[in-house]
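In: have a look; sequence and predicted model below, questions after that.
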Amino acid sequence: MWKYVDLFLGLVAITLLYGLSKRLKRSSLPLPPGPKGAPLVGNLHQLPTEFEWKQYHEWCKEYDTDILYLNIAGTQMIVLDTSKAATDLLETRSSLYSG
């Protein structure tokens, strides 16, 4: 009986520590808009298996943005929808992002 209680309390502690670590690691700058993800898996279940660019473009139109944020099971992903956004961030502002 006690081993189940210990197991339950251990899982609760791990969950609380995981949530706390996620809150502490957050950046003060806001992320670009994107679809809401599920806990732990993020947007993994929403990812298309083919013609990905079509779904990304639809999301960009839905959120009225050229830059989209997705969380894929804890991995952060930024999608640049237009060549203008890609050029602006990767070429024009590249000196801001380089070390």
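Out: That came in fine, so what should we check first?

In: which residues in the protein form helices?
Out: 2-25, 52-62, 83-87, 94-97 (DSSP state H).

In: what's the average pLDDT for the last one?
Out: Read that as helix 94-97. Averaged across helix 94-97, the pLDDT comes to 76.

In: repeat for the first one
Out: Mean per-residue pLDDT for helix 2-25: 79.

In: returning to what we had before: possible to save the helices of the chain as JSON lines with distance to residue 45?
Out: In short, each C-beta sits where N, CA and C put it, glycine included. Formatted as JSON lines, those follow (distance: least, CB to CB, whole Å):
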{"stretch": "helix 2-25", "distance to residue 45": "19"}
{"stretch": "helix 52-62", "distance to residue 45": "13"}
{"stretch": "helix 83-87", "distance to residue 45": "26"}
{"stretch": "helix 94-97", "distance to residue 45": "30"}
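
In: quick one: residues contacting residue 67.
Out: With contact set as CB atoms under 8 Å, 6 or more residues apart in numbering, residue 67 has these partners: 32, 78-81, 85, 89.

In: which of these has the most neighbours?
Out: Of all those, residue 79 has the most neighbours under the rule other CB atoms under 10 Å, reaching 20 neighbours.

In: that one: what's it in contact with?
Out: So residue 79 contacts 56, 59-60, 67-70 (CB under 8 Å, 6+ apart).

In: residue contacts, the residue positioned nearest the centre of the chain?
Out: The chain has residue 71 as the residue nearest its centroid, 2.2 Å off, counting by CA atoms, centre = their mean. Residues near residue 71 by CB under 8 Å, 6+ apart: 34, 37, 42-43, 77.

In: give me the neighbour count for residue 95.
Out: 7.

In: for residue 82, see how far away it is.
Out: Distance check for residue 95 against residue 82: by CB to CB, to the nearest Å, it reads 21 Å.
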